[in-house]
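Undergrad: Predicted model and sequence follow; I will ask about them next.
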Amino acid sequence: MIYKMTITLKDGRECLLRNGTGDDAEAVLSVFIATHEQTDYLTTYTDEMPITLDEEREFLDKCTEDERGIEMIAEVGGKIVGNAGIACIKNVDKLRHRASFGISVDKEYWGLGIGRGLTESCIECAKNAGYTQLELEAVADNETALSLYRSAGFVEYGRNPKGFKSRISGWQELVLMRLELE
C-alpha cells in the first residue's frame with residue numbers, strides 16, 4: 001500500500017508518514033533494534049530478531065505492493081524514528097475483515113505526536129483496505145499507549161493476565177483492544 005502524509009509535531013518540526021520501501025530496510029531495522037532496547041512493552045527482544053537485511057528489504061517491498069497491508073514509517077529530518085503497520089489476521093473468509101496493528105517509536109521522539117500520527121494513518125489505511133475491525137494487544141502497564149489507543153476509539157474487549165513473560169519483570173498482562181471501522 002502506498003501512503004504519504006506530513007504532520008506537524010508538537011515542537012513545530014515536520015514528520016513525514018509514508019510507506020516504507022526496500023530502500024529503507026537498513027534504517028527500519030536500526031529503529032527496530034533501538035525501540036526494542038528502549039522498552040519492555042514490545043513483543044520481542046533484539047536477540048530474537050528473526051529477519052536479515054535482505055528479508056527486511058523484501059518484506060518492505062512486498063508491503064508496498066500489498067493492497068491490504070502497510071508498513072508505515074515516521075521520518076523526521078530525514079531520519080526514520082518510528083514505524084507502524086497493519087496486516088490481515090488471516091486471508092480466509094471468516095477472518096478477512098480483521099487486521100492487526102502494531103507500532104513503535106524511538107524514545108527520543110516520544111510525546112511529540114508521532115504515535116498519534118502513525119495510529120491515525122494506519123486506521124485510515126485499514127478503512128481504505130476494506131477492513132471492518134482493527135485489533136491490537138498492549139501491555140496493561142503501558143498507560144501512555146493505552147490512553148492513545150482509547151482516544152483513537154479502540155475499546156478493550158479482554159485481558160490476558162499472562163500474555164507476555166518478560167525477562168525483566170516476569171508476567172505482563174495484555175489488554176486486547178479493537179476498533180470497529182464501519
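TA: Perfect, thanks for sending it.
Undergrad: Find the residue closest to Ile103 in space, skipping its chain neighbours.
TA: In this structure, Ile103 finds its nearest non-sequential neighbour in Ala84, 3.9 Å apart by Cβ to Cβ, 6 or more residues apart in numbering. The C-beta positions use only the backbone N, C-alpha and C, and glycine is treated the same way.
Undergrad: try Val28
TA: Leaving aside its chain neighbours, Val28 sits nearest to Gly20 (5.6 Å; criterion: Cβ to Cβ, 6+ apart).
Undergrad: before we move on, the earlier item: what number of residues are in the vicinity of the residue nearest to Ile103?
TA: If you count neighbours by other Cβ atoms under 10 Å, Ala84 ends up with 23.
Undergrad: what does the model give it for pLDDT?
TA: pLDDT for Ala84: 98.
Undergrad: who does it bridge with?
TA: Met72, Ile103 (DSSP bridges).
Undergrad: Lys94 versus that one, what's the distance?
TA: For Ala84, the distance to Lys94 (Cβ to Cβ, to the nearest Å) stands at 26 Å.
Undergrad: what's the answer for Arg18, then?
TA: Arg18 is 32 Å from Lys94, by Cβ to Cβ.
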